[in-house]
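>>> based on what follows, work out the 3D shape:
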Amino acid sequence: MSGLPSFRRVMQGYAVPLLLLCFLLLVTGIVRAQGSYSVLDSRVTYHANGLPLPTVLKEIRTITKLRFTYNNDLVRKGPAVTVDQKNGTLRELLKRVLANSGLEFIEDLGGVVIYAEKPASANEKISEKDVAFRVLGQVYTVDGEPLAGATVQVLGSRDGTTTAIDGVFSLWMKEHQQFRVSMLGMKTVVRTVTRAEAEKVFMKIKLDTAAQAISEVVVNGYQKIDARMSTAAVFTLTAAEALQPGQMSIDKMLQGKVPGLMIINSSGSVNARPTIRMRGTSTFVGNASPLWVIDDVVRPDPVDISATQLNNVVSDAQSGDFSLLGGAISGLNPYDIEKITFLKDAAATAIYGVRAANGVIVVTTKRGKAGPMQVSYNTSLSFQQRPSYSNLNLMNSQQRVQLSRELYADGLLQNSNNGLSENISYEGLMQALNARRITESQFKTAVGKLQTNNTDWFKVLFRNAFNMTHGVSMGGGAGKTTYYGSISYSDGKGAAQLDGNKRYTADLAVHADATKRLTVDFKLMGNYSESKGYYPGVNPLNYALQTSRILDPSLTYPVNVSGMGVLPKPPPITFNMLNELAQTENNSSIRSLIVGLGLSYKITKGLVFRNTSSAITDAAESMQAAYEGSKSVSDRRGWDLAYMPNDKQVAGSALPYGGLAVIANQNVLTLNTRNMLEYNTGLFKDRDQFIASAGVEINSSQIKGLSITQPGYFPDRGMSFYPSPGSQFALGRTTLTRALTNTLSMFGTATYSLNSRYVFSATVRTDGSNRFGQYSNAKFLPNFGLAGKWNVTNESWLQTSRIFSGLDLRATFGTQGNVVTAVGPELIASYLPVAKDNYNQVTGIPLLGIKSLPYPDLRWEKTYQWNFGVDLSLFDRRLSVNADYYMKRSKDLIVNRILPYEYGMSDMYKNAGTLTNQGLELHLGVEVLRGKNVNLSLSFINSKNFNQIGANDFQNNYADYLNGRAFVPGRPISGFYSYIYTGLNGTNGVPTFRNPDGKTQKDDPTTFLVYSGQMQPVFNGSFSMSFRYKSFSTTADFYYALGSHKRLNPLTTQVQAMDGVPTPFTNVSRELINRWRKPGDEKTTNVPAIVDITTNTTFGDFPDNVYSAYNQSDLRVVNNSFMRCRSIRFDYTLSQQVVRRIGVKGISTGLFINNLFTVASSKLHGQDPEIDGVGTTALPITRQYGFNMNVNF
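Just a heads-up that it's a prediction; the model follows:
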């Protein structure tokens, strides 16, 4: 049996072919199963007693939900009906209902047609023009797409029908009668048809878009602007373009799909929020993420997470508190989205004032459409593939044992585990052999077992995870009211075993034309999500990469000496990863509710009053706990749980019994109301158009939080707490958080279109907030935007061109503001934690600690932005180009300045920073093939952003320069520095570096460190291909990021001792096989020697030793440019013949593969270029296979 491949390995190799086979069998089975089905064979239960025939037919139509076509005049003449049928066929029921009526019925196009059997009297001569005949036809758009739900009505009669899902209709009418085809938002068509035409021709009726719906509409959250009147730099995605099956949140789906928008998925966790930047970064300490707006309502983050954490390129998605919870739109069901509009320049974002320095993303959700209720069900089923060692440059068990053997043979002492006695590693077995605790034979047997263990930690700690999403939506409307509602459930699991998220959403939107002047929009959106992750310090990826594969997963091994100061000292602290996972937890949940109300009142012609009000409430809970059996608690306690301490040890322990839990909750209430007048009129006989608006907005946000650190936690005793007095004093903490932000804003806009060719617009907004200065000149900050556009297409000399389909030139200038909520005009102080040293020794009064200095004169951050753009389409829009160049200059940026000791504070904030961003954006679309059955299109999106830090008062330390957090004038955001590697010491193989000469250079790290590039990409974009043949389509999306650099993973992880010898249980890079071992090797290798504590490894006056410096040297920096195949999809739409037999209106299915492969530098040795790797809490981005389906009822 050992020679046979495992079932899992076989399934991994054939996963995609099996999914394709199942997909084809599903489609084939549906066709075969439904091949002989007739709607007349459906089962019906019905009772009527003396009811008119028209009423009976109407009730049967309601029960069966089928289309009935008949002449009302004939049906009204039928006798009253008395019938009682239980679970009979529709065929039997209609025979009984139409008995003695002179009417017959047939099945037609999935519906029922009722017609006259014969003339009422054989002697009565009937003219041919009075005999009805059947008209068959199809209604479709100008693009050739069938139109479902269009109304087909015989003029002068009550006879009519609606088109099926494929646009087909069947209608009975008489000679020379006319019929009308109409649909909301489309131009009405009236046709006359003769009997001869009806018998020979299958009518094709084309409906064009109505005049008021011809133009595309740009939604900016305040107004709906005709695209021809829009002058700003905006980009719009439809839901179909944005959706990516397998992803739970819309923000992760947007990577590479929008010019100027950079998204870094820096973790593969289902709970991780991506880093999002629109046109670079415009702040140092504030939140650099764009503003989200959902249906005209600004959506803040559901929990208050510090800007430092949000701005970190490495998404610390597992680190604690509420970081497991997503961002502003994590609770939004992506399938509820209609379209997304991205506002990028100052002209577009100025209307949002100080909240829009980083751009605005406006989400428009679906609304109901007039007509019968449409029900839709969608699902996505997928599994996430676990990572493996296949591409990683790490040692296997045999190589790791050989390394230990060589280290022992070279006479190197192993001091990192000094005092830790064990016999489960090569070093421990060697010690046991030398102490004669085991025999030579036992030693060889144990070492042989170590060499063959080869534990797959990825298999132990990760999984092939199953994910699913289900959603049901319904929409419709009658008269003046439309509605849309949906519910959804998502269960997402990451490849890591404890990584998971469950989300429930509900959405309701109602639109009503209350009167001819007043319209009302009501919105209710709620969601609840539960997130599960890892306790801080417990990371499965780090463990899989850093832990030797010689270890058996069930073994417990010593890791550090007890820190207990009481004698006798307890035994060493031990560790087992599976136990640590079982003895820790990190869970979060959030409940969110959004209530919105929009009113629109037409005061007079062209003048409209609008009110938009909303209330948003978010309630978040989080619990992180380490149980008493975990290493985390053992370190605090001073001994392992199995150890029996004496009374002195118990008295001297900070946590003698029980675990430690951190419980937090936060409630956020955001209220907003906006009143606006809008005026729209035509001038000079409608040659020109003028639009103006003015309004006032009031916003209030209140945050209430509570965080409790409580020792003595016993989850197995009803989740109770029994802290000792000492542990409560040492570890117990309670923190209350209160924050209130009130904002008053006034705004105005004006747009003038001259002869439909030249458009000019202006926007101004001023904001005042209690969060900023007490002085009037700082309370209110005006932001403005000016823009102009030349619609070259409308010039007479271009209208006759067969090449140009559209050409617009745009130019904008404006300002954007930003508010840093971490500071305010008042002093914030709090009592220090209960401790002996935190009381005045004379008065006994508790001491105050200053949390934040008062900043009464702190100003808003301000950004000036220029934008020049062109929109071009050629050859009947087969080729489209959208290009923009922008320049942003930010000033008065808040910086953190170090203070002298005598100030009593370590640092303070001040307006002293400048930053410049400039870039190019390009979107190129090519429709290679365009036909009714075949379509091939290509899309290219490219964005380049170059940012440069100006003069500022930041005082950076060595760590800031090395990890990319230094703000250095002339360098970009995320730029990092490295030690300059100068080679290996020819005597001992220790790495050497350029050292500073004198104190002057030592005070300026840039004189002896070398600039290594930036962590964020300079250039990013995507290209995609979409191909359709009839009902089959396939799409492939590729994302690339160029110009970034990153450090390679360390050769080995240094623990405790400051030497280069790896601990017995640490895995290392295979590069160490080619390390320096003897003089002369420095000529052929750059891998340093492994030395022990007897060799001096200090590095001058720096805190790093030479091995830490080696890992942070320029030698260990590689180009991080990469390309990732984000998604490949195969979709199929079932034919109408099939879906009608099933009894639904449409079915589309598909297969998809996400993250299929990545092309990157071979020097990365399997490191994912998008995540930071070892040393962070990021989880790997792995391949995902899935199936999705959508059914319309």
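>>> ranges for the helices of the stretch 101-250 of the chain?
195-200, 239-242, 250-253 (DSSP state H, counting those that start in this stretch).
>>> sheet partners, orientation included, of whatever helix or strand M262 lives in?
Per DSSP states H and E, M262 falls inside strand 261-264. When pairing is defined by DSSP bridges, strand 261-264 lines up against strand 275-278 (antiparallel).
>>> quick one, what contacts K862?
L781, T815, Q816, G817, N818, S890, K891, D892 (C-beta atoms under 8 Å, 6 or more residues apart in numbering). To be clear about C-beta, it is placed using only N, CA and C from the backbone, and glycine gets the same treatment.
>>> how about these, which pair is most distant?
L781 and S890 (13.8 Å; C-beta to C-beta).
>>> just put the helices of the stretch 101-250 of the chain in JSON lines and tack on mean neighbour count, mean pLDDT and distance to S974.
Shown next, in JSON lines, are the helices of the stretch 101-250 of the chain (neighbours: other C-beta atoms under 10 Å; pLDDT from 0 to 100; distance: least, C-beta to C-beta, whole Å):
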{"stretch": "helix 195-200", "mean neighbour count": "13", "mean pLDDT": "76", "distance to S974": "70"}
{"stretch": "helix 239-242", "mean neighbour count": "14", "mean pLDDT": "90", "distance to S974": "27"}
{"stretch": "helix 250-253", "mean neighbour count": "23", "mean pLDDT": "91", "distance to S974": "20"}
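>>> which among the ones you listed is found nearest to F68?
helix 195-200 (19.8 Å).
>>> what lies in contact with stretch 1022-1041?
244, 255-257, 933-941, 1017, 1019-1021, 1120-1135, 1169-1170.
>>> drop anything exposed from these.
244, 255-257, 937, 939, 941, 1017, 1019-1021, 1120-1134, 1169-1170 (16 or more other C-beta atoms under 10 Å).
>>> and the contacts of K862, which is closest to L879?
Q816 (33.0 Å).
>>> pull the contacting residues for that closest one.
Contacts of Q816 by C-beta under 8 Å, 6+ apart are S282, A346, T349, A350, A356, A357, N783, K862, T863, Q865.
>>> what's the ChimeraX line that selects buried ones from those residues?
Applying 16+ other C-beta under 10 Å to the contacts of Q816, the buried members can be selected in ChimeraX as follows:
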select :282,346,349,350,356,357,783,862,863,865
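>>> which two of the contacts of Q816 have the greatest separation?
So for the contacts of Q816, where distance means C-beta to C-beta, the most widely separated pair is S282 and A350, at 14.2 Å.
>>> and for V842, the neighbour number?
6 (other C-beta atoms under 10 Å).
>>> element containing it, please.
In the assignment (DSSP H and E), V842 maps to no helix and no strand.
>>> now it: how far from S830?
Going from V842 to S830 by C-beta to C-beta, to the nearest Å gives 22 Å.
>>> show me the protein divided up by domain.
39-123, 229-375 (automatic domain parsing).
>>> JSON lines please, covering those domains and showing distance to P540.
Putting the domains of the chain into JSON lines (distance: least, C-beta to C-beta, whole Å) gives the following:
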{"stretch": "domain 39-123", "distance to P540": "51"}
{"stretch": "domain 229-375", "distance to P540": "10"}
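>>> which of those domains sits closest to A150?
domain 229-375 (9.4 Å).
>>> so T1095: helix, strand or coil?
coil (DSSP: H, G, I helix; E, B strand; the rest coil).
>>> and for it, the neighbour number?
Neighbours around T1095, by other C-beta under 10 Å: 17.
>>> what do you get for L597?
Residue neighbour count, defined by other C-beta under 10 Å, stands at 15 for L597.
>>> how close does it get to D295?
For L597, the distance to D295 - C-beta to C-beta - is 11 Å.
>>> same thing with T1053?
T1053 is 49 Å from D295, where distance means C-beta to C-beta.
>>> who's more crowded, those two?
D295 (23 against 18).
>>> ok, the more buried one - contacts?
V363, T364, T365, A509, K523, G596 are the contacts of D295 under C-beta under 8 Å, 6+ apart.
>>> 6 Å - rerun?
When contacts are counted by C-beta atoms under 6 Å, 6 or more residues apart in numbering, D295 touches T365, K523.
>>> mind checking pLDDT for it?
D295 carries a pLDDT value of 91.
>>> check which element follows the host helix or strand of S441 along the chain.
Element membership for S441 (DSSP H and E) is helix 440-453. The helix or strand immediately downstream of helix 440-453 is helix 457-461, counting by DSSP H and E.
>>> mind listing what the next helix or strand after that following helix pairs with, with the direction of each?
Scanning forward in sequence from helix 457-461 by DSSP H and E, the next helix or strand is strand 465-478. According to DSSP bridges, strand 465-478 forms sheet pairs with strand 371-384 (antiparallel), strand 481-493 (antiparallel).
>>> dump the ones you listed to CSV, plus mean pLDDT and distance to V218.
Formatted as CSV, those follow (pLDDT from 0 to 100; distance: least, C-beta to C-beta, whole Å):
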stretch, mean pLDDT, distance to V218
strand 371-384, 91, 26
strand 481-493, 94, 22
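>>> export these as JSON lines, with columns for distance to N393 and mean neighbour count.
Conversion of the strands paired with strand 465-478 to JSON lines gives the following (distance: least, C-beta to C-beta, whole Å; neighbours: other C-beta atoms under 10 Å):
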{"stretch": "strand 371-384", "distance to N393": "24", "mean neighbour count": "19"}
{"stretch": "strand 481-493", "distance to N393": "29", "mean neighbour count": "20"}
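>>> those: which one's closest to L518?
Judging the strands paired with strand 465-478 by C-beta to C-beta, what sits closest to L518 is strand 481-493, at 12.9 Å.
>>> give me the distance from the closest one to the chain's centre.
Distance of strand 481-493 from the chain centroid (C-alpha atoms, centre = their mean, to the nearest Å) equals 17 Å.
>>> now stretch 180-190: average pLDDT?
78.
>>> what lies in contact with it?
139, 150-153, 155, 178, 205, 207-208, 210, 213, 370.
>>> quick check, nearest of those residues to L660?
Of these, the one sitting nearest to L660 (C-beta to C-beta) turns out to be A370, at 59.1 Å.
>>> do I have it right that that closest one meets G477?
Yes. A370 lies in contact with G477 (C-beta atoms under 6 Å); the separation is 4.5 Å.
>>> that older thread, quick one: the contacts of K862 as a markdown table, columns for secondary structure too.
Shown next, in a markdown table, are those (three-state DSSP):
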| residue | secondary structure |
| --- | --- |
| L781 | strand |
| T815 | strand |
| Q816 | strand |
| G817 | strand |
| N818 | strand |
| S890 | strand |
| K891 | strand |
| D892 | strand |
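>>> now these in a markdown table, with distance to K1163?
Listed next are these as a markdown table, based on distance: C-beta to C-beta, whole Å:
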| residue | distance to K1163 |
| --- | --- |
| L781 | 48 |
| T815 | 44 |
| Q816 | 40 |
| G817 | 43 |
| N818 | 38 |
| S890 | 35 |
| K891 | 40 |
| D892 | 42 |
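>>> is it possible to get JSON lines of the residues you listed that adds distance to R277 and pLDDT?
Below are those laid out as JSON lines (distance: C-beta to C-beta, whole Å; pLDDT from 0 to 100):
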{"residue": "L781", "distance to R277": "23", "pLDDT": "67"}
{"residue": "T815", "distance to R277": "19", "pLDDT": "90"}
{"residue": "Q816", "distance to R277": "14", "pLDDT": "85"}
{"residue": "G817", "distance to R277": "18", "pLDDT": "77"}
{"residue": "N818", "distance to R277": "14", "pLDDT": "77"}
{"residue": "S890", "distance to R277": "14", "pLDDT": "91"}
{"residue": "K891", "distance to R277": "19", "pLDDT": "89"}
{"residue": "D892", "distance to R277": "20", "pLDDT": "86"}
